[in-house]
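Q: Sharing a model prediction with you, sequence too.
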Amino acid sequence: MPGHWLFKSEPGEYSIADLAREPRKTGRWDGIRNYQARNFLRDEVKLNDLAFFYHSSCKQPGIVGIAKIVSAPYPDPGQFLPDGPYFDSKATPAAPRWYSVDLQHVETFATVITPGDMRNLDGLENMYLFKQGRLSIQPVNDQEWQQIMALAKSRAPR
DNA sequence: GCCAACGTTGGC
DNA sequence: GCCAACGTTGGC
C-alpha cells in the first residue's frame, strides 16, 4: 500500500501545471528548508507513494491534483550551490542537510478542493492541514485520502 | 493588508 | 538552556 502525502507549493513558484509540462511530466521537488518537512521527506516518503498537490498563498488555495513519488529521497543539489537561493553553508555532500524527491504528474482535478471544502467533511478534522497548517510536507492517512478523492471525483468539470 | 501560528535566532 | 525578538507562512 503506497503512502499518502500532501505537498504544498506556491503556484507562482511551481504549480501543478508546471509539473505537467515537464519532460516525462517529472520534476524535482526541492527547496524544502524546514526540519519537520525534511524529516518526512528523507525518512518516510517512499518510491510510488502518492501526494496531493496543494497550491498555497494564491487566489484559490487548495488541493489541485495528484502526483506520484518517482525517486527515492536524495540530497537536494541546491544546498551545495553557493550562488543559488537554496545554498546552505553548513551542508556538505558527506553530511547533507536537505533532501529532494522527483515527482511525476498523475492528474489535475476538475476543481480545486479548498480548505473550506475539507472542513465541511466529517473525518478530516485531524488533518495536519488544520492542526499544523504551515507544514509543507504532510502525511495524509488512508481514510482522509479516500474521502478527498471521493469529493474530487464527485465534482463535475467546470 | 491583517494577523495568528509557529519556526529560528541570538544574547545572556 | 531559556526566552524575547524577529521572520515567515498562509488563510481570509
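A: Here it is on my side, so go on. Numbering: from 1, shown residues only, chains lettered A, B, ... in the order given.

Q: Would you mind listing what in chain A touches DNA strand B?
A: Those residues of chain A that sit near DNA strand B, judged by Cβ under 7 Å from any atom of the strand, are A:34-36, A:131-132, A:134-135. Just so you know, the C-beta spots here come from the backbone N, C-alpha and C atoms, and that holds for glycine as well.

Q: rerun that using 10 Å as the cut-off
A: For chain A, the contact set with DNA strand B under Cβ under 10 Å from any atom of the strand comprises A:33-38, A:57, A:88, A:90, A:130-135.

Q: Narrow those to those in strands?
A: Counting by DSSP state E, the residues of chain A next to DNA strand B place none of their members in strands.

Q: closest point of chain A to DNA strand C, which residue?
A: Ranked by Cβ to the nearest atom of the strand, the top residue of chain A for proximity to DNA strand C is A:P61, at 3.4 Å.

Q: Among the residues of chain A next to DNA strand B, which pair sits farthest apart?
A: Of all pairs drawn from the residues of chain A next to DNA strand B, the one with the largest separation by Cβ to Cβ is A:K90 and A:F130; the distance is 33.2 Å.

Q: Quick check on the two: which one has the bigger neighbour count.
A: Each of A:K90 and A:F130 had its neighbours counted (other Cβ atoms under 10 Å), and the higher figure belongs to A:F130 (12 against 7).

Q: that older thread, for the residue of chain A closest to DNA strand C, which non-adjacent residue is closest in space?
A: Sequence neighbours aside, A:H55 is the residue nearest to A:P61 in space, at 6.0 Å (criterion: Cβ to Cβ, 6 or more residues apart in numbering).

Q: Surely the one you found and A:S9 touch.
A: Yes. The pair formed by A:H55 and A:S9 meets the contact definition of Cβ atoms under 8 Å, at 6.7 Å.

Q: tell me, what's touching those two both at once?
A: Counting by Cβ atoms under 8 Å, 6 or more residues apart in numbering, the residues touching both A:H55 and A:S9 are A:S15.

Q: Would you map the helices across chain A?
A: A:16-21, A:35-43, A:115-119, A:128-131, A:142-154 (DSSP state H).

Q: In CSV, list these along with mean pLDDT.
A: Conversion of the helices of chain A to CSV gives the following (pLDDT from 0 to 100):
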stretch, mean pLDDT
helix A:16-21, 96
helix A:35-43, 93
helix A:115-119, 91
helix A:128-131, 90
helix A:142-154, 94
